[in-house]
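> The following block contains a protein sequence and its predicted model.
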Amino acid sequence: MTEKNTSNPDEQNLPIVMVVDDEKAILMSLQRTMRKMPWRVVTSQGGRQALSFLESTKVSVVIADYQMPEMNGIEFLNEVKRRWPDIQRVMLTGAANLGVIEQAVNESEVYRFLNKPWSDSQLKATVMECIDRIHLEESNQNYRRELAARNEQLQSINRDLEKKVQERTAALLHAEKMAALGRMAGGVAHEINNPLGGILAFTQVLLRDDDGDPSRLEALEAIQTCSIRCKTIVDNLLSFSRKPAVGALAHTSMNQVVDGALGIARLHPKARFVEVQVELEDDEVPLLGQSSLLQQVVVNLLQNAFQASQDGDVVLLRTYHDSQWAVLEVKDEGKGISEQDLPHIFEPFFTTKETGEGTGLGLSICYGIVKEHDGKLEVESQEGQGALFRLRLPLVKEDKETDR
């Protein structure tokens with residue numbers, strides 16, 4: 001391989017044009033013709049030597065003579081096309097044979113033919129066209145890569161938007177469902193409450209006028225017990241159907257809410273068989289709320305955890321905060337919530353407890369209380385791995401008004 005002197009660093013970045021011919025005089029003449037052009041010229045006197053050079057050097061254009069020993073021009077250019085298809089290929093021939101031309105076009109896909117003797121201007125123009133084609137193809141490849149990246153970015157944005165739309169739509173549907181259930185529950189509760197109150201009142205009158213008949217007394221006490229239970233359910237329905245009575249809010253903290261709720265929650269029959277671990281953060285960050293209602297939420301979460309636990313299980317209660325929320329978490333080691341039940345746990349009357357252990361209204365009422373405090377009530381659970389309920393309430397500044 002021979003190459004004109006390229007000591008100038010700028011020339012090292014020029015495209016390379018390779019000329020392959022078995023006649024040294026032809027090579028020198030071609031090299032001299034292109035010595036002042038904006039590309040580097042390397043020469044080779046055989047196809048095998050040229051292929052060896054191409055394995056280690058990036059070449060833009062190859063000009064090959066047709067008649068060469070060992071490997072003719074078509075065989076050489078075929079191999080170039082197979083191994084380096086981006087190289088522009090030009091055939092140099094002194095024989096105007098249509099068969100040769102057809103074979104070169106069909107097999108080697110040459111870009112141009114140059115006849116011997118060649119025109120210097122035609123030679124330079126042909127090489128320049130080849131280099132321009134390479135630059136155009138590189139630009140097209142860059143454009144395709146950029147377009148593919150932009151398309152992927154757009155698809156990612158579109159997927160995120162679709163996910164957000166689905167989440168917002170699901171939230172709106174859930175809110176509408178909860179509102180409709182609340183209106184229905186309120187109507188049913190009002191219709192039941194009056195006759196139920198009458199039953200309870202007359203039962204108490206009959207109990208007061210006890211005639212000493214044990215069977216009659218037992219029946220009346222059973223009626224009274226069932227009536228009180230029904231009235232409790234109706235009262236819970238009315239609480240669910242109304243917005244929680246969040247009136248004048250006061251400064252409090254999550255730790256203060258926990259202190260008030262723990263004493264009540266520990267009255268639960270299963271509390272003494274469960275270990276309660278309490279991890280309260282040191283900083284009592286301020287929030288606005290009605291402590292009694294927030295305590296009701298925490299008590300319900302703790303009692304649900306107690307009911308889900310086995311003897312000796314640990315129930316973890318902890319508080320912390322981030323830049324936006326005061327957070328309380330209640331985690332149990334129970335059997336967890338199944339994937340199909342998880343979307344329904346805040347719906348009224350939905351319960352996974354045994355018959356008689358719950359009405360399915362507790363979490364629904366808690367959900368409403370938390371929403372009225374502009375908070376969030378979240379749940380994480382996998383079946384067989386317990387459940388974690390997370391209460392988030394917005395932080396406030398110390399100088400914020402305490403009246404809403």
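Noted; the coordinates are in hand. Keep in mind it's a predicted model, so treat the numbers as computed, not measured. Residues are numbered from 1 along each chain as shown.
> where does the stretch 1-150 of the chain dip in pLDDT?
The stretch 1-150 of the chain contains residues with pLDDT under 70 at 1-11, 95-101, 104.
> Please enumerate the strands of it.
Using DSSP state E, counting those that start in this stretch, the strands of the stretch 1-150 of the chain run over residues 2-3, 16-20, 40-44, 61-65, 88-93, 112-115.
> Format these as TSV; extra columns: mean neighbour count and distance to residue 136.
Yep, even glycine has a C-beta here, placed from its N, CA and C like the rest. TSV is the format used below for the strands of the stretch 1-150 of the chain (neighbours: other CB atoms under 10 Å; distance: least, CB to CB, whole Å):
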stretch	mean neighbour count	distance to residue 136
strand 2-3	14	26
strand 16-20	24	17
strand 40-44	22	20
strand 61-65	26	14
strand 88-93	23	11
strand 112-115	16	16
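> Can you check which of the ones you listed gets nearest to residue 321?
Comparison of the strands of the stretch 1-150 of the chain against residue 321 by CB to CB identifies strand 16-20 as nearest, at 65.2 Å.
> angle of that closest one against strand 61-65?
Orientation check (axes from the mean of the first three to the mean of the last three CA atoms, to 10 degrees): strand 16-20 against strand 61-65 gives 10 degrees.
> Show me how far strand 16-20 is from its chain's centre.
From the chain centre to the centre of strand 16-20 is a distance of 52 Å (CA atoms, centre = their mean, to the nearest Å).
> helices or strands next to it in the packing?
helix 24-33, strand 40-44, helix 47-54, strand 61-65 (3 or more CB pairs under 8 Å, 6 or more residues apart in numbering; DSSP states H and E).
> Now do the third one against strand 61-65, angle only.
Same thing as helix 47-54. Using the same axes, to 10 degrees, helix 47-54 lies at 170 degrees relative to strand 61-65.
> Could I have the CA atoms of helix 47-54 written out in CSV?
Output of helix 47-54 as CSV, limited to C-alpha atoms (Å, rounded to 0.1, in the frame of the first residue of the first chain):
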residue,chain,number,x,y,z
GLY,A,47,-7.2,-6.9,-4.5
ARG,A,48,-6.0,-9.1,-1.6
GLN,A,49,-3.6,-6.4,-0.4
ALA,A,50,-6.4,-3.9,-0.6
LEU,A,51,-8.8,-6.1,1.4
SER,A,52,-6.2,-6.5,4.1
PHE,A,53,-5.9,-2.7,4.3
LEU,A,54,-9.7,-2.3,4.5
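> tell me which strands and helices it is in contact with?
Using 3+ CB pairs under 8 Å, 6+ apart, helix 47-54 sits against strand 16-20, strand 40-44, strand 61-65, helix 73-83.
> Now do the buried residues in it.
Judged by neighbour count using 16 or more other CB atoms under 10 Å, the buried positions of helix 47-54 are 47, 50, 51, 53, 54.
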